[in-house]
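**Q** Have a look at this fold, sequence not included:
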């Protein structure tokens, strides 16, 4: 369901994407613990739908929820956490909050440098 949601979101079919992500989230809540990296990924993807629709505040809320899950599930120093920080930074950029955008992107870069190495693009 998660991959289908991504495909629908790329096609601009946001309502169908959201239904897929909600189904994936429901299944995840039944089969996994709430603080699981897959759950964080689904929240990030729901945030992506909101961002695609220009609903930046809703997107930011989902990204922050994903960030809290990443921190518990895999820790601060993990690519999942860095990716979520990047999503949050992109919302700040969309809102014209460039100082926050830069600050959060710098945090994501710090994590990626530690976890993936300095030479990783």
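**A** That came in fine, so what should we check first? For clarity, every value in this text was computed on a predicted model and none was experimentally measured.
**Q** helix, strand or coil for the residue nearest in space to the middle of the chain?
**A** Centroid-nearest residue in the chain, with Cα atoms, centre = their mean: residue 44, separated by 2.6 Å. What DSSP: H, G, I helix; E, B strand; the rest coil gives for residue 44 is helix.
**Q** ok, it - contacts?
**A** 62-63, 66, 83-84, 87 (Cβ atoms under 8 Å, 6 or more residues apart in numbering). The C-beta positions use only the backbone N, C-alpha and C, and glycine is treated the same way.
**Q** And it, how far from residue 117?
**A** Residue 44 sits 23 Å away from residue 117, going by Cβ to Cβ, to the nearest Å.
**Q** ranges for the strands of the protein?
**A** Counting by DSSP state E, one finds no strands in the chain.
**Q** circling back: any idea how many residues pack against the nearest residue to the residue nearest to the centre of the chain once chain neighbours are set aside?
**A** Leaving aside its chain neighbours, residue 44 sits nearest to residue 66 (4.5 Å; criterion: Cβ to Cβ, 6 or more residues apart in numbering). Using other Cβ atoms under 10 Å, residue 66 is surrounded by 26 other residues.
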